[in-house]
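*Asks:* Need the 3D shape of this:
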Amino acid sequence: MSAAGQLTPLEPELTDATEPRTGLAGAPKLEPAVVDRAFDDTPCWPVTRLVSWSLTLLLAVSILGPQTVGRADRIEWLVLLVPTIMATLGSRALFEVIGFAVANRGPVGRLAAAIPSALLAAGLLAAASAIVGVGWSPAVGVATTTLATLTLATAGAAREFEIRVRLAMRRVYFIGSAESQRDLAGELGRHHDATLVGSTVLERSPEPIGSAALAQAVISTRATVVVLDALAMRVPELVETASLLNLRGLRIRELVSYYEREFKKIPLAELSPTWFLFDIAPIHRRRPYRSLRRATDIVLAAVLLLCSFPLIILAAIVIRVTSPGPALYRQRRVGKEGEQFTLLKLRTMVESEEAEAEAAWALSQAYRVTPAGKLLRRYRLDELPQLWNVIRGELALIGPRPEQVPIAQQLARQLPHYSSRHSIRPGVTGWAQVNLGYGGSVEGTVAKLQRDLYYMKHHSLRLDALIIWLTVKAVLAGRG
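*Replies:* Numbers count the residues shown, from 1 in each chain. Model (predicted):
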């Protein structure tokens, strides 16, 4: 066991920041300030599926219920089913957005998020009732608002209780390198879904530790899951100990698979060439699936572009009036298989010949953003013209965000596996985008690449639906 070195039990250090590793010698680490707080890090709605869907259904009943009182023998209220679904999703999204921003997660914070969300639901249903000619009264509005408020506040309380239960029941013991231990502790500290109860860190030393002693150390912490990184998996004694613990009822996980399951990202430093031997849905699925997905992208992009066209025209007029230059901005980006294309955006910056001469990170050019551009960027309205890129086949609605050509070339040289994200069509929004927003630097791109690789491996309709849901919340919250 001399190759592995000494195993030293350490207490975990929980932090609020994550420091992903790049796997590059001398490569930059992701500073805490770079990591944007994602909606799915600390959700305000229960994450347990049965509880989540039950409360969502209860919210729909709370919104529609008062309107159906006295109409049970009539079918008028049936025309309100679609508006009720929209009101339910809208009020839940607003509740999560406000709850995400409210520092106080107690009863006051829950009510602060629930009341405006319930008023939105009541307002939407009142408007729908007026349009379809179904009677609506102030008493119905008060009842709808009250019931929806109670349901939303209950969901917030259920989430807080869920966090306490999951922290008590999901107890993690880590075996591996000190750097992996710090990364894992940071992720667990941010997600509030499990507790790191102990660690055994591998150090370079000739003195080994016995399997029985390590097993006893793990059991004494009452851990429920043991996570091993690639370094630990190369030590036969540790694998043997993990096997014994598995027979004792503890769950054994490799670090990569644990990150995928719990954090929906990939630790780049743990990757090996064999990790990439998985099916990529946009590539390996049968042609009918790919054709259907492409047709869906075209239809949805066309509908969205048609609906948003008046808004694009209005924004273009504001841009032309408030700053000199064209309303549309064109930039060369890297698409599928490394092919270059011209990305369309509403212009949000003051034109500058010096700035246009060379590529630059968006955040480094923040001083050039116009007042109108700030508003467009905040709600991601500047990206609406990209729906035309979707129709042309250069973008998908969902996928990794395309990068500027010089920056993509730089990242391909600096980051292992970066070019693999070009194997699928880039998107208007994506898993990395809804979690982290603008990358803004090589360090930020490391964090985004972790999520792009996760999307490539786990692409599904359910994940796409989640990305759309998070995109809606990001737009409502102005987190563009």
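*Asks:* Using PDB, write down the CA coordinates of stretch 400-411.
*Replies:* Provided in PDB are the C-alpha atoms of stretch 400-411 (Å, rounded to 0.1, in the frame of the first residue of the first chain):
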ATOM      1  CA  PRO A 400     -24.500  24.100 -24.700                       C
ATOM      2  CA  ARG A 401     -24.200  27.800 -25.300                       C
ATOM      3  CA  PRO A 402     -22.000  28.600 -28.400                       C
ATOM      4  CA  GLU A 403     -18.800  30.600 -27.700                       C
ATOM      5  CA  GLN A 404     -16.900  33.200 -29.700                       C
ATOM      6  CA  VAL A 405     -14.500  31.700 -32.200                       C
ATOM      7  CA  PRO A 406     -11.200  33.000 -30.700                       C
ATOM      8  CA  ILE A 407     -12.300  32.200 -27.100                       C
ATOM      9  CA  ALA A 408     -13.400  28.700 -28.100                       C
ATOM     10  CA  GLN A 409     -10.000  28.100 -29.600                       C
ATOM     11  CA  GLN A 410      -8.300  29.400 -26.500                       C
ATOM     12  CA  LEU A 411     -10.500  27.200 -24.200                       C
END
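*Asks:* which outside residues touch it?
*Replies:* Contact partners of stretch 400-411, identified using CB atoms under 8 Å, 6 or more residues apart in numbering, comprise 331-335, 340-341, 343, 358-359, 361, 395, 418, 421-422, 424, 426-427, 429-430, 432-433, 442, 445, 448, 452, 455-456. From N, CA and C alone the C-beta is placed, and that goes for glycine too.
*Asks:* out of the residues you listed, which are buried?
*Replies:* In the contacts of stretch 400-411, burial by neighbour count holds for 333-335, 341, 343, 359, 361, 395, 418, 421-422, 424, 426-427, 429-430, 432-433, 442, 445, 448, 452, 455-456, counting by 16 or more other CB atoms under 10 Å.
*Asks:* Go through stretch 95-103 and flag the buried ones.
*Replies:* For stretch 95-103, by 16+ other CB under 10 Å, it's 95-100, 102.
*Asks:* before we move on, the earlier item: select from the buried ones among the contacts of stretch 400-411 every entry located in helices.
*Replies:* Among the buried ones among the contacts of stretch 400-411, the members falling in helices are 432-433, 442, 445, 448, 452, 455-456 (criterion: DSSP state H).
*Asks:* got the residues you listed as TSV, with pLDDT and distance to Val132 columns?
*Replies:* Shown next, in TSV, are these (pLDDT from 0 to 100; distance: CB to CB, whole Å):
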residue	pLDDT	distance to Val132
Ala432	91	41
Gln433	89	37
Val442	72	54
Thr445	83	49
Lys448	89	44
Asp452	92	44
Tyr455	93	40
Met456	90	44
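*Asks:* wait, which of those residues is closest to Thr48?
*Replies:* Lowest distance from Thr48 to those (CB to CB) belongs to Tyr455, with 23.4 Å.
*Asks:* For the closest residue to that closest one other than its chain neighbours, give me the pLDDT.
*Replies:* Closest residue to Tyr455 apart from its sequence neighbours, by CB to CB, 6 or more residues apart in numbering: Trp431 at 4.1 Å. If you check Trp431, the pLDDT there is 94.
*Asks:* quick one, strands of this structure?
*Replies:* 6-10, 171-176, 195-203, 225-228, 251-254, 328-334, 340-346, 396-398, 427-429 (DSSP state E).
*Asks:* Tabulate the ones you listed (CSV), appending distance to Val108.
*Replies:* Output for the strands of the chain, formatted as CSV (distance: least, CB to CB, whole Å):
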stretch, distance to Val108
strand 6-10, 39
strand 171-176, 31
strand 195-203, 27
strand 225-228, 35
strand 251-254, 38
strand 328-334, 44
strand 340-346, 39
strand 396-398, 37
strand 427-429, 33
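*Asks:* Which one, of those, ends up nearest to Val47?
*Replies:* strand 195-203 (16.2 Å).
*Asks:* The closest one vs strand 171-176, what angle?
*Replies:* Strand 195-203 runs at 10 degrees relative to strand 171-176, counting by axes from the mean of the first three to the mean of the last three CA atoms, to 10 degrees.
*Asks:* And strand 195-203, what does it pack against?
*Replies:* For strand 195-203, the elements it packs on are strand 6-10, strand 171-176, helix 178-191, helix 211-220, judged by 3 or more CB pairs under 8 Å, 6 or more residues apart in numbering; DSSP states H and E.
*Asks:* same thing but 7 Å
*Replies:* Applying 3 or more CB pairs under 7 Å, 6 or more residues apart in numbering; DSSP states H and E, one finds that strand 195-203 contacts strand 6-10, strand 171-176, helix 178-191.
*Asks:* Turn those into TSV, including mean pLDDT, distance to Ala232 and mean neighbour count.
*Replies:* Output for the helices and strands packed on strand 195-203, formatted as TSV (pLDDT from 0 to 100; distance: least, CB to CB, whole Å; neighbours: other CB atoms under 10 Å):
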stretch	mean pLDDT	distance to Ala232	mean neighbour count
strand 6-10	42	9	17
strand 171-176	95	5	25
helix 178-191	90	9	21
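*Asks:* And the ones you listed: which comes nearest Trp388?
*Replies:* Nearest to Trp388 among those is helix 178-191 (37.1 Å), distances taken as CB to CB.
*Asks:* Tell me what angle that closest one forms with strand 195-203.
*Replies:* Using the same axes, to 10 degrees, helix 178-191 lies at 170 degrees relative to strand 195-203.
*Asks:* Mind picking the lowest-pLDDT entry from the buried residues of stretch 95-103?
*Replies:* Among the buried residues of stretch 95-103, Val102 has the lowest pLDDT, at 76.
*Asks:* Provide a list of residues in contact with that residue.
*Replies:* The neighbours of Val102, taking CB atoms under 7 Å, 6 or more residues apart in numbering as the test, are 109, 112-113.
*Asks:* give me the number of residues near Glu351?
*Replies:* 13 (other CB atoms under 10 Å).
*Asks:* Please apply the same query to Ala242.
*Replies:* Residues lying near Ala242 (other CB under 10 Å) number 25.
*Asks:* just the helices in the stretch 251-400 of the chain please.
*Replies:* Ranges of helices in the stretch 251-400 of the chain, per DSSP state H, counting those that start in this stretch, are 255-263, 281-284, 287-322, 353-357, 371-378, 386-392.
*Asks:* Can you check the pLDDT for Trp361?
*Replies:* Trp361 is assigned a pLDDT of 60 by the prediction.
*Asks:* Also Leu277?
*Replies:* For Leu277, pLDDT reads 72.
*Asks:* What of the one 4 residues further on?
*Replies:* Taken from the predicted model, the pLDDT recorded for Ala281 is 60.
*Asks:* Now Glu394: closest residue in space, sequence neighbours ignored.
*Replies:* Phe341 (4.2 Å).
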